[in-house]
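Novice: What shape does this take:
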Amino acid sequence: MSNVEWPQDRVFPAFSKPDSLVVVDLRSTDFFRDYKHLLLITLQGLVNREKPKMYVILTNRDLVWLNVIRSTGIEIHNVGLKDAIETFAGYANGCIVYDPNVPDTVNVASTMSGIYNAVVVHPNDIAWAEEHGLRIVDDLRGKFRRKIEIYEWAYKELWPRCSHRLLVPMKPVHTFAPPRPMQIAVRDYVVALKLLAHYLDPRDPKERCLFCKLLEEMPKNSAVLGWYEGTEHITVRLASEHGKFVVVVTGNPYLVSNLTVWSGIRAEVKFKLPPIDFSKLGLDKVYVTFYMNDGDNVQWNIMMRDFWEDPYRGKVPVAWTISPFLVDLAPLVMKYYVETMSELDAFVSGPSGAGYWYPNVNPEYTDEFLGLTNEYFKRSGLMFTEVLGEFLDGETLPKYAKELRVLAIKIGYRGMDTFPYYTSESPVPIIPGTIEFSEGEERKAYNWLRAIATVYKRRPLHVLVICVPWEFKSLKSLRLLADMISSDKELMLVNFHEFVIMLNPEYGTKLAEELLKRAKGTGVSKRTLLEAEDCLRVAKKYCEEGRWREASLEANKALRILASSLKLISKED
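Specialist: Residues are numbered from 1 along each chain as shown. Below you'll find the predicted structure:
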């Protein structure tokens, strides 16, 4: 691993930069019957940890993203599976045979692959591997009877030789409802970094005990890269109890592929705030914007490209949750989104900051985690975050609001308070999810908005429409609802940045002061300037008193006055 950089302050490592890539297309493979991909993917890990040279196409998404790599000038050479094995077989000392009758041996074999520099093969492929000079290093057939025996042996024999900084849950078996093969993607990453791959079920007492041992022995600020199917909340809770967090990378068998390549292509870029239309701010309106969940899931960050190419993207204001760890894992993917975002797109960190954890479960870890989060937000440029967890009150949420360098915090989903609120010590608004919206429910969602506008007379009013990405095939439903909103004189669509400006009084005041400087000397009347200055004076006074709601209203007035005047001057000029 001499060519892999992994400083202590980085959660994920950086591989070296590829000069050229051999690309192997496996899209025509029947992964349920043909297991040759295991040899190739584990060989990819052995090769790429020295220097990334191999890229594997598992789905059409891999091909689409490959074009982004191609645009950087890296040479691409397409070869078949056989040619790739012949070219790179010398990187392996042999092969490890796993036992299909005890499926979890494929995970242990993947870990052994990284330690012993040997590829993983199915028994059916032994002769094929030997044809390429890959003799058997170890054969796991018949060595284990039960799943727990496998992982207890791995804990004793392999864990001491693994990196403890990441832990990788990976499904070792096929499922047929819906039909999905074992986890294929990410095995190259496991091999390259000598990580422990497992599929421990935290609902089983013995497996939970071993899982907790692993968590205890991981260093601070370490990540678990997924969970046993159906155990999201218990896994996140256990990780949180041990001062760790989850960064979802495994789950879908085809995602996230080629991390050993993506982590090596550097790109100096930061997420940006979308532009502001000041003329929209401070009106007696019900302000609405859309919010797309699940961005802490790196798999979703890759799939988000599907929505990014949607013809309605850029025509509807959407806050896209995304992982700040892309700055480590796939900087070029991050760069693509930043450079192609529209004026209606904004980026928000998924829960609960840098990684997915429940702050209320382990408040003692909060300070350390916020320190890590601030560093990753600084590196990535993210200015908004989401926080999840039960009973987020007391000291935890105030710490987020006071110590995290963000402009707003989104909390919860449906069923929270309708109105954004504040902690006593911070002007950072806490924004609840107001309604949840799914594809095909445009009329239902619009009726909810109308009901909210009718019941709550306070203006301006802010409503966050929550969208779960897995419930949408396209953004057409968002556009249909957006059209209904746009035709309603009481409702106003804004991007998430504009949405937040009206709720964060210190930020709103700062922007108003910048507009005031711009307005002076442009022909704006003295009366208008004095009116804006008076609003700013009152806003600052309210801020000093911690009266955040009143302060934001005064800052909004100043923004509105100055924006209207500057727009008028611009027209006259």
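Novice: For the rest of this, base every contact and every neighbour count on C-alpha atoms.
Specialist: Will do.
Novice: isn't there a helix covering Asn301?
Specialist: Yes - the assignment for Asn301 (DSSP: H, G, I helix; E, B strand; the rest coil) places it in a helix.
Novice: Next, count neighbours for Lys457.
Specialist: 12 (other CA atoms under 10 Å).
Novice: Please tell me how far it sits from Glu386.
Specialist: Distance of Lys457 to Glu386, given as CA to CA, to the nearest Å: 27 Å.
Novice: and if you look at His174?
Specialist: 34 Å.
Novice: who's more crowded, the two?
Specialist: Glu386 (24 against 16).
Novice: tell me which element the more buried one falls in.
Specialist: strand 384-387 (DSSP states H and E).
Novice: Do you have the helices of the stretch 51-200 of the chain handy? List them.
Specialist: For the stretch 51-200 of the chain, applying DSSP state H, counting those that start in this stretch gives helices covering 60-70, 81-88, 105-116, 126-131, 147-157, 187-193.
Novice: again with the stretch 351-500 of the chain
Specialist: So, for the stretch 351-500 of the chain - with DSSP H, counting those that start in this stretch - the helices run 366-380, 396-403, 442-455, 476-486, 496-501.
Novice: tell me the most buried of those?
Specialist: Most buried of the helices of the stretch 351-500 of the chain, by mean neighbour count (mean count of other CA atoms under 10 Å): helix 496-501, with a mean of 24.
Novice: Quick one: distance of that one to the chain centre.
Specialist: Mean C-alpha position of helix 496-501 versus that of the full chain (CA atoms, centre = their mean, to the nearest Å) differs by 21 Å.
Novice: Let me see the mean pLDDT of it.
Specialist: Averaging pLDDT along helix 496-501 gives 97.
Novice: mind listing what's buried in the following helix or strand past it?
Specialist: Next along the chain after helix 496-501, taking DSSP H and E as the criterion, comes helix 505-519. Neighbour-count burial for helix 505-519 flags Pro505, Glu506, Tyr507, Gly508, Thr509, Lys510, Leu511, Ala512, Glu513, Leu515, Leu516, Ala519 (criterion: 16 or more other CA atoms under 10 Å).
Novice: which secondary structure elements does the helix or strand following helix 505-519 contact?
Specialist: Where DSSP H and E defines the elements, the next helix or strand beyond helix 505-519 is helix 526-544. Contacts defined by 3 or more CA pairs under 8 Å, 6 or more residues apart in numbering; DSSP states H and E place helix 526-544 against helix 505-519, helix 548-572.
Novice: returning to what we had before: pull the strand holding Glu386 out as PDB, backbone CA atoms only.
Specialist: As requested, the backbone C-alpha atoms of strand 384-387 are provided in PDB (Å, rounded to 0.1, in the frame of the first residue of the first chain):
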ATOM      1  CA  PHE A 384     -25.900  23.100   4.900                       C
ATOM      2  CA  THR A 385     -26.400  19.900   6.700                       C
ATOM      3  CA  GLU A 386     -29.100  17.500   7.900                       C
ATOM      4  CA  VAL A 387     -29.300  16.000  11.400                       C
END
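Novice: Can you list the neighbours in contact with that strand?
Specialist: 347-353, 406-412 (CA atoms under 8 Å, 6 or more residues apart in numbering).
Novice: start to end distance for stretch 426-436?
Specialist: Start-to-end, stretch 426-436 (CA to CA) is 27 Å.
Novice: and that stretch, average pLDDT?
Specialist: 92.
Novice: What count of nearby residues applies to Lys280?
Specialist: Around Lys280 there are 18 residues (other CA under 10 Å).
Novice: which residues sit in contact with it?
Specialist: Met492, Val494, Arg560.
Novice: and what of Tyr151?
Specialist: Per CA under 8 Å, 6+ apart, neighbours of Tyr151: Val108, His198.
Novice: Per-residue pLDDT of Ser279, please?
Specialist: Confidence score, pLDDT, at Ser279: 84.
Novice: ditto for Gly394
Specialist: 67.
Novice: same question, Gly523
Specialist: For Gly523, the predicted pLDDT is 84.
Novice: ditto for Leu200
Specialist: With respect to pLDDT, Leu200 scores 98.
Novice: my guess is it meets Arg208, correct?
Specialist: Yes - when contacts are counted by CA atoms under 8 Å, Leu200 is listed as touching Arg208 (7.0 Å).
Novice: out of the two, which sits in the busier spot?
Specialist: More crowded of Leu200 and Arg208, by other CA under 10 Å: Leu200, with 23 against 16.
Novice: For the closest residue to the more buried one other than its chain neighbours, give me its contacts.
Specialist: Leaving aside its sequence neighbours, Leu200 sits nearest to Glu207 (CA to CA, 6 or more residues apart in numbering; 5.4 Å). Neighbour list for Glu207: Ile148, Leu200, Asp201 [criterion: CA under 8 Å, 6+ apart].
Novice: Quick check: the gap between the second one and Ser2.
Specialist: Spatial separation of Leu200 from Ser2 under the definition CA to CA is 31 Å.
Novice: Show me where the chain dips below the pLDDT cut-off.
Specialist: Applying pLDDT under 70 to the chain flags residues 1, 389-394, 413-418, 568-573.
Novice: how about a cut-off of 50?
Specialist: 415-416, 570-573 (pLDDT under 50).
Novice: Please parse it into its domains.
Specialist: When the chain is parsed with automatic domain parsing, its domains come out as 20-262, 278-501, 505-572.
Novice: Dump the ones you listed to TSV, plus distance to Phe271.
Specialist: What follows is the domains of the chain, written out as TSV (distance: least, CA to CA, whole Å):
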stretch	distance to Phe271
domain 20-262	18
domain 278-501	5
domain 505-572	18
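Novice: circling back: with respect to His242, which of the contacts of Lys280 is nearest?
Specialist: Val494 (40.0 Å; CA to CA).
Novice: Just confirm the closest one contacts Pro317, I think it does.
Specialist: Yes - with contact defined as CA under 8 Å, Val494 reaches Pro317; the gap is 6.3 Å.
Novice: any common contacting residues for these two?
Specialist: What both Val494 and Pro317 touch, as defined by CA under 8 Å, 6+ apart, is the set Thr289, Leu344.
Novice: Give me the more crowded residue out of those two.
Specialist: Ranked by neighbour count (other CA under 10 Å), Val494 and Pro317 place Pro317 first, with 24 against 21.
Novice: wait, the more buried one sits on Met292?
Specialist: No - in terms of CA under 8 Å, Pro317 does not count as a neighbour of Met292; the distance is 10.4 Å.
Novice: quick revisit: and Lys270, which of the helices of the stretch 351-500 of the chain is closest to it?
Specialist: The minimum distance between Lys270 and the helices of the stretch 351-500 of the chain falls on helix 366-380, with 4.8 Å, by CA to CA.
Novice: counting contacts, what elements does the closest one pack onto?
Specialist: helix 396-403.
Novice: OK, contacts around Ala539?
Specialist: Contacts of Ala539 by CA under 8 Å, 6+ apart are Pro505, Thr509, Glu550, Ala551, Ser552, Leu553, Glu554, Ala555.
Novice: ditto for Asn67
Specialist: Not one residue lies near Asn67 by CA under 8 Å, 6+ apart.
Novice: picking that back up, please compute how far the strand holding Glu386 lies from its chain's middle.
Specialist: For strand 384-387, the distance to the chain centre is 12 Å (CA atoms, centre = their mean).
Novice: Ok, stretch 101-119 next?
Specialist: So, by CA atoms, centre = their mean, the centroid of stretch 101-119 is 28 Å from its chain's centroid.
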